[in-house]
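[1] pasting a predicted model and its sequence here:
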Amino acid sequence: MPLGIISHTDCSAHMMGEFHPEAPARMAAIQDQLVSSGLDFVVRQYDAEPIEKAMLELCHDSEYVDFVFTHSPTEGIFKLDPDTSMSPGTLRAALLAAGAAVDAVDLVMEGEISSAFCATRPPGHHAERNRAMGFCIFNNVAIAAAYAKQKYGLDRIAIVDFDVHHGNGTEDIVLDRQGYLFLSTFQHPFYPFSGTGPTPPHIVNSPLPASADSSVFRHTIEQTWIPELENFRPELLFISAGFDAHWEDEISQVCLEEQDYRWVTDVLKDIADKYASGRIISVLEGGYALGALGRSVVAHLHGLIGRE
């Protein structure tokens, strides 16, 4: 079965200011690399559908959802937090980003595609149950995972997050829920300055020093993620795919390369093939050095496909 890519041009209508790193150019950088790599002829591409408002409440408080809808501007910018703003195109983009992840669940679970990558924005892994933060409005991965459990009756869903920032929002949402495993690697100390306190066994945080390179990252995955995933035996695997730990990305100090994203994807695909019938849903999070972002996504997609 083919790999599916789910996206929408309206995700580029979300604007947070001329110099904001989470910019529409990120979508163009990914599309350019899809074309230049030839992957646009290999994958199956889909337009995302916006999620229904009520489905956001699978993970977010209704009061928070209403607040976002009510404050969606018709002009100018409305700040949800110091780093996260809404423009007139933001609400639709956010609904498409969450909708893409939900669409991916149906496409993968019903066997139309083997795995999926959601090339959407705004990202989601910092969004908590009742607040936006860190460029994120709705938690796309957590919503899709909750939807998968509800619709398909899955008992074990793993969410792994290799963004350079801790996935605090995802942790907040799955903290007191059964049937999840959440694994996160991230630079520490670093925004959002979370991920080092005590957690229940299904939350496994792996802080990385600012100097971390390929060897440190890979050792961490081998020592923590692989044993946890082998023990958990996920029926479906989600990836919060942030590429901002790349050495070219000035937002952080971790020094990964494209090959590291291919390697970790290969590791995760082996787990998914073994326990989840190959089912992986990957959702774009960070990555702000445009060239590195595009190349890293292509490396990640090759891993999802399993191409040499």
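    Structure's in. What do you need? Everything numeric in this text was worked out from a predicted model, so none of it was measured.
[2] which residues in the stretch 1-150 of the chain form strands?
    Assignment of strands within the stretch 1-150 of the chain using DSSP state E, counting those that start in this stretch yields the ranges 3-7, 44-47, 78-81, 84-86, 115-119.
[3] using PDB, write out every CA atom in the first one.
    If I follow you right, that is strand 3-7. The C-alpha coordinates for strand 3-7 follow below in PDB (Å, rounded to 0.1, in the frame of the first residue of the first chain):
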ATOM      1  CA  LEU A   3       2.100   6.300   1.700                       C
ATOM      2  CA  GLY A   4      -0.400   9.100   1.900                       C
ATOM      3  CA  ILE A   5       0.400  12.800   2.400                       C
ATOM      4  CA  ILE A   6      -2.500  14.900   3.700                       C
ATOM      5  CA  SER A   7      -2.300  18.700   3.400                       C
END
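[4] just how off-centre is that strand within its chain?
    14 Å (CA atoms, centre = their mean, to the nearest Å).
[5] helix or strand: which one has residue 239?
    strand 236-241 (DSSP states H and E).
[6] so for the very next helix or strand once past that strand, what's the average pLDDT?
    The helix or strand immediately downstream of strand 236-241 is helix 258-275, counting by DSSP H and E. Mean pLDDT, helix 258-275: 98.
[7] sheet-wise, list the partners of the next helix-or-strand element following helix 258-275 with their directions.
    With elements assigned by DSSP H and E, the helix or strand that comes after helix 258-275 is strand 280-284. Strand pairing for strand 280-284, using DSSP bridges, gives strand 115-119 (parallel), strand 236-241 (parallel).
[8] can I get the CA coordinates of the strand holding residue 239 in PDB?
    Provided in PDB are the C-alpha atoms of strand 236-241 (Å, rounded to 0.1, in the frame of the first residue of the first chain):
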ATOM      1  CA  LEU A 236      -1.200   2.200  16.000                       C
ATOM      2  CA  LEU A 237       1.800   4.500  16.200                       C
ATOM      3  CA  PHE A 238       1.700   8.300  16.000                       C
ATOM      4  CA  ILE A 239       4.700  10.500  15.400                       C
ATOM      5  CA  SER A 240       4.900  14.200  16.400                       C
ATOM      6  CA  ALA A 241       7.500  14.900  13.700                       C
END
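[9] start the count at 30 instead of 1 going forward.
    Noted, 30 is the first residue going forward, which turns the last one into strand 265-270.
[10] tally of neighbours for residue 184?
    If you count neighbours by other CB atoms under 10 Å, residue 184 ends up with 10. In short, each C-beta sits where N, CA and C put it, glycine included.
[11] can you verify my assumption that it contacts residue 262?
    No - contact criterion CB atoms under 8 Å: residue 184 and residue 262 do not qualify, at 9.7 Å.
[12] picking that back up, now distance to residue 160, mean neighbour count and mean pLDDT too, for the strands of the stretch 30-179 of the chain, in TSV please.
    Output for the strands of the stretch 30-179 of the chain, formatted as TSV (distance: least, CB to CB, whole Å; neighbours: other CB atoms under 10 Å; pLDDT from 0 to 100):
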stretch	distance to residue 160	mean neighbour count	mean pLDDT
strand 32-36	26	24	98
strand 73-76	29	15	98
strand 107-110	7	15	97
strand 113-115	9	23	98
strand 144-148	22	27	98
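[13] about what we covered before: can I get the strands paired with strand 309-313 in TSV with distance to residue 209?
    As requested, the strands paired with strand 309-313 are exported to TSV (distance: least, CB to CB, whole Å):
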stretch	distance to residue 209
strand 144-148	19
strand 265-270	10
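[14] residue at max distance from the center of this protein?
    residue 104 (28.4 Å; CA atoms, centre = their mean).
[15] what residues are up against that residue?
    Neighbouring residues of residue 104 by CB atoms under 8 Å, 6 or more residues apart in numbering: residue 117.
[16] go again using 10 Å as the cut-off
    116, 117 (CB atoms under 10 Å, 6 or more residues apart in numbering).
[17] pLDDT wise, what is it at?
    Note on residue 104: pLDDT of 97.
[18] quick one: the helices in the protein, in order.
    For the chain, the helices defined by DSSP state H occupy 54-66, 91-99, 119-138, 169-181, 197-203, 243-249, 255-261, 287-304, 319-334.
[19] next, format these as JSON lines and append mean neighbour count and distance to residue 162.
    Below are the helices of the chain laid out as JSON lines (neighbours: other CB atoms under 10 Å; distance: least, CB to CB, whole Å):
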{"stretch": "helix 54-66", "mean neighbour count": "18", "distance to residue 162": "19"}
{"stretch": "helix 91-99", "mean neighbour count": "14", "distance to residue 162": "12"}
{"stretch": "helix 119-138", "mean neighbour count": "25", "distance to residue 162": "14"}
{"stretch": "helix 169-181", "mean neighbour count": "24", "distance to residue 162": "14"}
{"stretch": "helix 197-203", "mean neighbour count": "25", "distance to residue 162": "7"}
{"stretch": "helix 243-249", "mean neighbour count": "15", "distance to residue 162": "25"}
{"stretch": "helix 255-261", "mean neighbour count": "16", "distance to residue 162": "26"}
{"stretch": "helix 287-304", "mean neighbour count": "20", "distance to residue 162": "25"}
{"stretch": "helix 319-334", "mean neighbour count": "22", "distance to residue 162": "21"}
